[in-house]
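Undergrad: following is a predicted model, sequence given first.
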Amino acid sequence: MGLRLFVPLDEAAVEAGGGWIIARLAERRIAEAARRLGAEVSVRRTPDGIAYSVAGPRTDFDYLAYLLRLASSAPEAPFIEDARLELAGALDGLRETGPGQVELDLRMRTASAPSTTGTPGSVAGLSAGRVLDLWSRTHRPERMTLLVAGRVETPLLLASLAQLGATDPTIPDRPGVVGLPESAPPSLSLIRRFTGRAWSGLEAGDPVVPVLARLAARALRDAPGDFEARVLVWDAGSGPVLAATGVAFPDRFAALDAALDGLLIAAGDLARTDAFDQAVGEVRREWLLEFGGTVGRIETVGADIDRAARPDAARTRLDALDALTPDRVAAAVERLFGTAARVTVR
Amino acid sequence: MRPPVARWLGRLGLALASVSMPVAPGLSAQEYRADVVDSAAVVVATTLAVHSGSADDPQGFEGLTHVVAEAHRVALERVPGVLSVEATVTRWSVGWTVVSTPAAAARVLRDLESADVMVGGLAETIDDARERFRFTAATPAAEVDLEAARLFTGFLSAWARPIRGTAQSVAAIGTSTARTRWASLLTAPRALVRVGPPDVVAGTAEGRAATDPGRADRPQVATSAPPTMPWTTPDRMAITREVTNVWIVAAFPIPSDLDRTSVDHLVHRIDEILNPTPPEPGIIGAGVEVTRLPDGDALVIRATVLPSSAARWEERIRTIPSGISPPFDPEFFRWERRRFRAHLLLRDAVPGQRSRRIAHDLLATGSFRTLSEEAWSLEPDDLSDAAGRLGPPRILVLGAAVGGEEPAG
């Protein structure tokens, strides 16, 4: 059987990255306890919150419920600084490279909500008190969604999970909007040039997104010129962002620039060829294989419920993929024209 | 009225046809079919396992079964709706596990046993196999596997030939040889198992109700022959090679009457000993599995270690079974058994792994297990008894500056 507890997070700008720290510490906290039973566990910081999942034999339900309580309990104050340093190190590592600077800059330009990994400025200010306040404000039983895969009696379920989350009746206030001091990225001594584009306006759960991403990746592979490039998809808070980043030596940079500028048109053209069926097949394969195993199943179904607030959202998403047509991809490409954010690091 | 086995299977949500128990090499062809209802499954997993492997390759055509397995895998991957295909070749068996959409399940079932499916790209696949062979045949891992097989089965045994063949033997394989081998596989004992949602697999024979398999009775298989094992004397072979690591392969013969779930429990326990968290110093990787040999099964431990700790690890591996002895701390055993049970059930929750496990069970013994019941019934004595009944090990050590001392005891 499997249990998935979802806690929505609404981080204020000064708390951005706090959810990542809560999830990281939860992951560490339950790893050893899960090993004792051989249970499968997963803690994910999703764009909307934190998903805690556990899976094991039904007869071990009591222990699975304990793991869930342990996972969603308050982060240990002495370890928060360790996790904060880990996150700050990862962000600094990104800013010290050309591709990292391009990606971070694109993410900040397209974000309509704080990034789940925060910004260098927000992470620098994440004290233990601020992270504990974020946990206490968000980890309230009345805000949580529990997904159960397998049979368990409701009274037993409720009794086992009665002590979930924060019990302190005092709920900390959400911090207000304040300007964050963001340091300039370090100056890099680069031989090659890095650039990227990011397009906004897509809908979460729309199968157009992964299909278009695959078509764009194929278009980049086919594009003339000597450069390296890749396609990324991330959630910007208001929906998915399709991005492409690349690197080339200065004398070949024009070909990369042209390939990225013409990427949407090239991907749209590919949608009228056999590449469309191939891309749809790849997405279907990836989505269906995500349902293998208990944790994979509750993670996938749960993520769709979080997004669409409907129990049949996963089925609807698969049906939408089956109904997808090249015309719908072309229409999505039309909508993306003119939305591109551009970043270049020389 | 349905026969007892079918009635038992019906309670499990299973259908099994053409049952002949038990299966043994040399018997006339048996075909086992099982449809297993998994009401939570979104995909369908279908496994075809055949009781004939690389040891049946004709001399001079070693690697033939592997080539045929690859050709069939590639052909099956082209079937619309197929999500993944895994081909496995051992010395005694070959199998394919196909994960597909429910809509493609019927075609997969048909194509798995069809000779027409792989004909299209057979020549290209054979060329690919030859090309891949150039990069994989000469690795230390391939040599370790071959030398271990020779130590465990004898240098002249067909079981001691390389599963993937040699450069010469693979070059000799043509499309007609491959087709002939495929035809011979279809006359060997085999198991065809499907795991999937009820609207796909419940339409077969009696397997309609998806009920809790945890309450089922076990099938009774009468055995009267005295237990046997592949060997009764220890052996050790050391091969020196100018490589950076040391490979240790130790095989402990398993008595033929030892309960399969007890053996699986032992495998799980040894795996925990070999792979603690954090890892022990000196070891690069280690694993344990049950391997079939011509005269029975063996529990095989494989480890890759640093040369400086090779002697210590060899002794450690040699004595692992004797270290699993009572009295166990009851608290330790309780948790250990829970971990084993979780391991079995979580693995079985993945359709592809479940269909492969059931097909293997059927092919090896003619019956398959209800894992939740099997794991609960284990007692501390079962684990120590299983460890204590393993025979003396045969150990291969291959690597830099390995010692040549005689086997103990």
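TA: Received, thanks.
Undergrad: burial count for the residue in the stretch 1-150 of chain B positioned nearest to chain A?
TA: Residue nearest to chain A within the stretch 1-150 of chain B: B:Val42 (4.1 Å; C-beta to the nearest C-beta). Where C-beta positions appear, they are placed from N, C-alpha and C, glycine not excepted. Neighbour count of B:Val42, defined by other C-beta atoms under 10 Å in any protein chain shown: 22.
Undergrad: so what's it up against?
TA: Residues in contact with B:Val42 (C-beta atoms under 8 Å, 6 or more residues apart in numbering or on different chains) are A:288, A:291, A:297, B:197.
Undergrad: now the helix or strand hosting B:Ala149: mean pLDDT?
TA: If you go by DSSP states H and E, B:Ala149 is part of helix B:140-153. Helix B:140-153 shows a mean pLDDT of 92.
Undergrad: elements contacting it?
TA: strand B:235-240, strand B:246-254, strand B:283-293, strand B:296-305, strand B:394-399 (3 or more C-beta pairs under 8 Å, 6 or more residues apart in numbering or on different chains; DSSP states H and E).
Undergrad: and after it, which helix or strand comes next?
TA: Helices and strands here follow DSSP H and E; after helix B:140-153, the next one along the chain is helix B:167-172.
Undergrad: residues in contact with the helix or strand that comes right after that following helix: which ones?
TA: From helix B:167-172 onward toward the C-terminus, using DSSP H and E, the following helix or strand is helix B:175-185. Taking contacts as C-beta under 8 Å, 6+ apart, the residues outside helix B:175-185 that touch it are B:50, B:52, B:56-57, B:61, B:64-65, B:67-68, B:71-72, B:94, B:115, B:118-119, B:122-123, B:126.
Undergrad: same question, stretch A:339-346
TA: With C-beta under 8 Å, 6+ apart, stretch A:339-346 has contacts from A:98, A:101-102, A:105-106, A:109-110, A:188, A:190, A:193-201.
Undergrad: please flag which of these sit within strands.
TA: A:193-199 (DSSP state E).
Undergrad: chain A contacts on the stretch 1-150 of chain B?
TA: Applying C-beta under 8 Å from any C-beta of the partner chain, we find that the stretch 1-150 of chain B lies next to chain A at B:40-43, B:83-84, B:99, B:101.
Undergrad: ranges for the strands of the stretch 1-150 of chain A?
TA: Using DSSP state E, counting those that start in this stretch, the strands of the stretch 1-150 of chain A run over residues A:2-8, A:40-45, A:49-55, A:145-149.
Undergrad: partner strands of the second one, with direction?
TA: Think strand A:40-45. strand A:49-55 (antiparallel) (DSSP bridges).
Undergrad: ok and the strand it pairs with relative to strand A:2-8, angle-wise?
TA: When axes from the mean of the first three to the mean of the last three C-alpha atoms, to 10 degrees is applied, the directions of strand A:49-55 and strand A:2-8 differ by 170 degrees.
Undergrad: the inter-axis angle of strand A:49-55 versus strand A:145-149?
TA: 30 degrees.
Undergrad: residue ranges with poor pLDDT in the stretch 101-250 of chain B?
TA: Scanning the stretch 101-250 of chain B with the threshold set as pLDDT under 70 gives B:117-120, B:136-137, B:202-224.
Undergrad: what residues does chain A put near chain B?
TA: A:32, A:35-40, A:55-57, A:59-60, A:63, A:149, A:284-285, A:288-289, A:291-294, A:297.
Undergrad: how about a cut-off of 7 Å?
TA: A:35-40, A:55-57, A:60, A:149, A:285, A:288-289, A:291-294, A:297 (C-beta under 7 Å from any C-beta of the partner chain).
Undergrad: what residues of the helix holding B:Ala149 count as buried?
TA: B:143-153 (16 or more other C-beta atoms under 10 Å in any protein chain shown).
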